[in-house]
Structures are given as structure tokens and as C-alpha cells.
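Peer 1: this one's sequence-less:
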């Protein structure tokens, strides 16, 4: 999906996410901090930060010293900046327009990397994982929150129907941009979730890949160590 589409849906992005996930997306993002590495004074990088929900969650944790959030969509970042200021976290969070596939940071710059519902949009998944590996410190943790498909025939059928039919309809109703949410539906169904994605993470060089399924497998947190 082009940056222009993300810019177009930015104003209604948060409320649409809340509606599509029945409010569960807020709790899912908060679960990311359960997987932070040990230690204090952590430096974190949030890829595809969107409207900065994960960046704010990270910055509120006393173990985290600073957070950099990057995104390609300036429209999303405009809303992110307003949210960060409202939360009183302007001194702790830095937001910038940047490409997750070409990070302008030195090797081994961060203790934590996160990405929530954005990695499936990477045009080159292995390149994105390689960049994440490069800027992460040894012993650092890469934490990924992404949609997945629940197990079981009935659950898969209901989930597939919801993605194919209801997600574009709700997205169109709330944003007027049906194609943006039809794209979301397609990418969720195509993404290599579960064991397949865990293997891909290992292929990029990461170790000790852990998985935590949320909402009966509708979403999954992957946590890996460099």
C-alpha cells in the first residue's frame, strides 16, 4: 500500500483499528512490554510507528530511556506528534520520516526494536529483518506484533469471512477508503504467520524466537534475541 493511502487514512486510523479489533488492539500493544530485555536505560526503535501507540507504550515504561519512532507516512507522523505531546512524552520520544528497509542508524544502536502490524507491509521482508538485526545490539530483542490466522476449521472460516468481507466494509464506512482495508485483508491472509514466520526470523540470524498468541490466534507476538 502506498504512502499516500496511509496519509489518507491517518485521521481515522486509530478509531478504525479500535473498531476492527473490537478494542483489543490497545491491549495487544501493551503486551509488547512483557517481552522487553533485561536491564534499564533501554534505547528502543519502533519501526512503522504509525500514530505512535507502541512508542508511547514503550516510553511510559521506566526501563526505557528513549524511543525513536519511524514511519514513511508523514500524515501518520503528524498525528503521532500530537499524541506524543498530549502524553507529555516529547522529551523521550523522537519521531522521524524514514524507511525501515534502509535505517540511517549505526550498527548496534538499540537495545529493543519493535514493529506492530507493519512488518507484513515491508516490500522486502528479509531486507527489513536484516536491517533490524544490524542496528540491534548483541543481546537485544526484536519484538514483532502481527496478525495471524487462528487454528481450527470453524475459527479459520469465521476469521477468513471477517477479513474478506467485514474489514473492507468497516474500513470504507469509517474512512471512505475501501481499498486501503481490502489491502489489509489481503496482506493478513498472505502473511507467513506462526512457525513459518518464526523460521524466517531465525533465517535472518535471530535466536530464541518465542511466540505468544493473542485472542485465540488472531494476533501473535514474536520475540527474538540477537
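Peer 2: Perfect, I can see it now. Since this is a predicted model, take the numbers as computed values, not measurements.
Peer 1: Low-confidence stretches in the protein?
Peer 2: Residues of the chain meeting the criterion pLDDT under 70: 1-2.
Peer 1: So which residues of it form helices?
Peer 2: 3-9, 13-20, 24-30, 53-59, 74-86, 125-135, 153-161, 167-175, 178-190, 195-203 (DSSP state H).
Peer 1: Packing partners of the last one?
Peer 2: Spelled out, it's helix 195-203. Applying 3 or more C-beta pairs under 8 Å, 6 or more residues apart in numbering; DSSP states H and E, one finds that helix 195-203 contacts helix 125-135, strand 136-147, strand 207-214, strand 219-225. In this view, the C-beta of every residue, glycine as well, is placed from N, C-alpha and C.
Peer 1: which outside residues touch that helix?
Peer 2: If you take C-beta atoms under 8 Å, 6 or more residues apart in numbering as the criterion, helix 195-203 is touched by 125-126, 129, 142, 144, 146, 191-192, 209, 211, 220, 222, 224.
Peer 1: of these, buried ones?
Peer 2: Buried residues within the contacts of helix 195-203, counting neighbours by 16 or more other C-beta atoms under 10 Å: 125, 129, 142, 144, 146, 191, 209, 211, 220, 222, 224.
Peer 1: Surely residue 172 is in contact with residue 166?
Peer 2: No - assessed by C-beta atoms under 8 Å, residue 172 is found out of contact with residue 166, at 10.6 Å.
Peer 1: Find residues that contact each of the two.
Peer 2: Counting by C-beta under 8 Å, 6+ apart, nothing touches both residue 172 and residue 166.
Peer 1: Please name the residues that touch the residue nearest the centre of the chain.
Peer 2: The centre of the chain sits closest to residue 116, judged by C-alpha atoms, centre = their mean, with a distance of 1.2 Å. For residue 116, the contacting residues are 28-29, 32, 46, 48, 50, 53-54, 144-146, by C-beta under 8 Å, 6+ apart.
Peer 1: Please pick the buried ones from those residues.
Peer 2: 28-29, 32, 46, 48, 50, 53-54, 144-146.
Peer 1: closest to residue 92 among these?
Peer 2: Distance to residue 92 across the buried ones among the contacts of residue 116 (C-beta to C-beta) is lowest for residue 46, with 12.3 Å.
Peer 1: possible to save the helices of the chain as JSON lines with distance to residue 66?
Peer 2: Converted to JSON lines, the helices of the chain look like this (distance: least, C-beta to C-beta, whole Å):
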{"stretch": "helix 3-9", "distance to residue 66": "25"}
{"stretch": "helix 13-20", "distance to residue 66": "23"}
{"stretch": "helix 24-30", "distance to residue 66": "19"}
{"stretch": "helix 53-59", "distance to residue 66": "8"}
{"stretch": "helix 74-86", "distance to residue 66": "12"}
{"stretch": "helix 125-135", "distance to residue 66": "14"}
{"stretch": "helix 153-161", "distance to residue 66": "37"}
{"stretch": "helix 167-175", "distance to residue 66": "32"}
{"stretch": "helix 178-190", "distance to residue 66": "31"}
{"stretch": "helix 195-203", "distance to residue 66": "25"}
